[in-house]
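Undergrad: attaching a predicted model along with its sequence, questions to come.
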Amino acid sequence: MTEYEVELVWEGAEKADREANIATREDETVLEAAERADLGLPFGCRIGHCGSCTGRLLTGDLEHARRPLALKDRHLDDGYVLLCIAEPRADCRIRVGVDVQRELVSNPWK
């Protein structure tokens, strides 16, 4: 079975900058692999509808196992991915954490 190395990168105000590497099987989502490695990532629905698990692909390749309904085409074009349904197809580097999801939603109270 093919395995890929996935580097998870936390940046911003949420946590001090840090990184973690996980091994992900071809049929496993990034979220499942992170949980297997005891790494906490935000998530909600686990089916690509809520967007809580949004990450941003920095390098590499992955596919969504189903249509990512929480992301608009422009978000996909900008490299945003849903980690609950994203399966790596190459070694990847992904920015993760709640700060990434916040980039997609404008705050009317600012």
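TA: Sure thing, it's come through. Numbers count the residues shown, from 1 in each chain.

Undergrad: would you list every one of the helices in the chain?
TA: Along the chain, the stretches classed as helices by DSSP state H are 30-36, 73-77, 98-102.

Undergrad: residue 59 is nearest to which of the ones you listed?
TA: Residue 59 sits nearest to helix 30-36 of all these, at 13.8 Å, using Cβ to Cβ. The C-beta positions use only the backbone N, C-alpha and C, and glycine is treated the same way.

Undergrad: most packed of the helices of the chain?
TA: Of all the helices of the chain, helix 30-36 carries the top mean neighbour count, a mean of 20, counting by mean count of other Cβ atoms under 10 Å.

Undergrad: what comes into contact with that helix?
TA: With Cβ atoms under 8 Å, 6 or more residues apart in numbering as the test, helix 30-36 has contacts from 6, 8, 22-25, 28, 40-41, 43, 46, 53, 55, 62, 81, 83-84, 86-88, 92, 94.

Undergrad: kindly recompute the last result at 7 Å.
TA: 6, 8, 22-24, 41, 43, 53, 83-84, 86, 88, 94 (Cβ atoms under 7 Å, 6 or more residues apart in numbering).
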